[in-house]
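[1] just coords:
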């Protein structure tokens with residue numbers, strides 16, 4: 001899929017190792033709407049100013065219960 005190709009390219013450009021990309025994509029495929037919502041919220045908060053790591057962690061904590069259902073133990 002073309003979308004998956006671009007996601008892989010973006011992850012590689014961000015420094016994610018090749019062996020981590022496929023498992024990460026499988027997790028994203030389980031609930032793509034959730035990850036789109038998280039990404040949009042992170043981008044919105046970054047535009048207002050803030051550290052990327054702190055903003056990302058805050059948003060991920062907000063969706064912690066949904067993420068726990070997706071990620072393997």
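    Great, that's in hand. Keep in mind it's a predicted model, so treat the numbers as computed, not measured.
[2] can you show me the helices along this structure?
    Here the chain has its helices, by DSSP state H, at 2-13, 18-30, 32-47, 52-62, 64-70.
[3] export those as TSV, with columns for mean pLDDT.
    Formatted as TSV, the helices of the chain follow (pLDDT from 0 to 100):
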stretch	mean pLDDT
helix 2-13	84
helix 18-30	87
helix 32-47	92
helix 52-62	92
helix 64-70	89
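[4] got a markdown table for those helices, with mean neighbour count too?
    Yep, even glycine has a C-beta here, placed from its N, CA and C like the rest. Below are the helices of the chain laid out as a markdown table (neighbours: other Cβ atoms under 10 Å):
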| stretch | mean neighbour count |
| --- | --- |
| helix 2-13 | 11 |
| helix 18-30 | 12 |
| helix 32-47 | 13 |
| helix 52-62 | 13 |
| helix 64-70 | 11 |
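[5] ok, now how distant is the residue nearest to residue 46 when sequence neighbours are not counted from residue 18?
    Excluding the flanking residues, the one nearest residue 46 by Cβ to Cβ, 6 or more residues apart in numbering is residue 55, at 5.7 Å. As judged by Cβ to Cβ, to the nearest Å, residue 55 and residue 18 stand 27 Å apart.
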